[in-house]
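Peer 1: I would like the atomic coordinates for the input below:
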Amino acid sequence: MAKTKESKLEEEVSRFMEQRGVWQLARFQAQSNQNGLPDRIYLYRGVLLGFELKTDTGEPTDLQLRKLEEINNNGGVGLIIRDVNTIASVLNLIDSVRRVYPGGYSLIQMGLKEFYEED
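Peer 2: Sure, this is the predicted structure:
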């Protein structure tokens, strides 16, 4: 059985993210995903990534767009993904921003550090 273009994209994304060491939190199938959640949800260096995978001609639903917007409005990155190059650019951007804040802490972790330290 021939693979659809979207299934090829799914495989490319999964392989790429695994090679980059990105932690996958969730994977949703289109048939069972009636709540608009992105196809893939990842955590990378303290940043939540919500990716809706689409072919060149595939269009997201209004509900999917609203969920991606909610992710963006809450400090994550929610995007329509049509190729792995887009993901590489996002991860590279996160890496470059993280280099500005050495020590491996995100700004949130740095802010919460006081809660973990004893007097």
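Peer 1: the strands in this protein, which residues?
Peer 2: In the chain, the segments counted as strands under DSSP state E are 23-27, 40-44, 47-53, 77-81.
Peer 1: mind checking which of the ones you listed is nearest Glu6?
Peer 2: Closest of the strands of the chain to Glu6 is strand 47-53, at 6.4 Å (criterion: C-beta to C-beta). (Glycine included, C-beta is placed from N, CA and C.)
Peer 1: which strands and helices sit next to the closest one?
Peer 2: helix 5-20, strand 40-44, helix 62-73, strand 77-81, helix 84-100 (3 or more C-beta pairs under 8 Å, 6 or more residues apart in numbering; DSSP states H and E).
Peer 1: circling back to that earlier point, just the strands of the chain: most buried one?
Peer 2: The highest mean neighbour count among the strands of the chain, using mean count of other C-beta atoms under 10 Å, belongs to strand 47-53: a mean of 21.
Peer 1: ok so, going back, with mean pLDDT as added columns, please give the helices and strands packed on strand 47-53 in a markdown table.
Peer 2: Formatted as a markdown table, these follow (pLDDT from 0 to 100):
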| stretch | mean pLDDT |
| --- | --- |
| helix 5-20 | 93 |
| strand 40-44 | 94 |
| helix 62-73 | 94 |
| strand 77-81 | 94 |
| helix 84-100 | 86 |
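Peer 1: spatially nearest residue to Arg20 (excluding sequence neighbours)?
Peer 2: Leu91 (6.1 Å; C-beta to C-beta, 6 or more residues apart in numbering).
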